[in-house]
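J.: Make a model of this:
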Amino acid sequence: MPARNLLNLKSVGKGYGSRSVLLDVTLGISAGERIGVVGRNGDGKSTLLRLISGAEQPDAGSLTRTGDVEVALLSQHDDLDGTADDRRDARRRACRSRVGRRQRVPERP
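T.: Just a heads-up that it's a prediction; the model follows:
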């Protein structure tokens with residue numbers, strides 16, 4: 001039996017003004033998969049992640065999440081003051097699982 005996708009994008013499009021950033025994107029992400037998003041500046045990597053997280057809605061196509069899937073997104077631009085405690089707290093928040101359990105996060109100096 002094939003794995004069921006937790007998240008699906010079908011023919012998704014997104015643009016800003018007259019510029020199309022994503023056009024006809026179809027993607028499925030299954031449980032346990034680890035993905036990377038690679039591309040040049042301006043190719044739509046952050047836009048794709050904002051769509052997946054629900055921070056933005058597609059202009060075209062559909063995006064569906066299965067059941068109780070929660071997606072979190074860390075911004076590229078944080079409001080931390082740069083202290084070690086802030087960086088540690090941000091890493092811990094980023095590594096929380098869907099059910100609130102913490103994963104071990106290596107401490108950095």
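J.: Arg65 contacts Val71, correct?
T.: Yes: using C-beta atoms under 8 Å, Arg65 is in contact with Val71, at 7.2 Å. (Each C-beta comes from the backbone N, C-alpha and C, glycine too.)
J.: who touches both of those two?
T.: Applying C-beta atoms under 8 Å, 6 or more residues apart in numbering, one finds that Arg65 and Val71 are jointly contacted by Leu7.
J.: which ones are touching Ile35?
T.: Ile35 touches Ile29, counting by C-beta under 8 Å, 6+ apart.
J.: what's the answer for the one 10 residues further on, then?
T.: Taking C-beta under 8 Å, 6+ apart, we find Lys45 in contact with 37-39.
J.: Show only the entries of the residues you listed found in strands.
T.: In strands, defined here by DSSP state E, there are no members of the contacts of Lys45.
J.: The protein - how does it break down into domains?
T.: 5-65, 74-109 (automatic domain parsing).
J.: quick one: Gly61 and Ser46, what's the gap?
T.: 18 Å (C-beta to C-beta, to the nearest Å).
J.: Which helix or strand contains the residue lying closest to Thr47 once chain neighbours are set aside?
T.: Excluding its sequence neighbours, the residue lying closest to Thr47 (C-beta to C-beta, 6 or more residues apart in numbering) is Val21, at 4.9 Å. In the assignment (DSSP states H and E), Val21 maps to strand 19-30.
J.: in what helix or strand does the closest residue to Ala31 other than its chain neighbours lie?
T.: Nearest non-adjacent residue to Ala31, counting by C-beta to C-beta, 6+ apart: Leu6, 5.6 Å away. Using DSSP H and E, Leu6 sits in strand 5-16.
J.: Each with direction, which strands does that strand pair with?
T.: Strand 5-16 sits in its sheet next to strand 19-30 (antiparallel), strand 60-65 (antiparallel), going by DSSP bridges.
J.: Buried residues, that strand. List them.
T.: 5-9, 12, 14 (16 or more other C-beta atoms under 10 Å).
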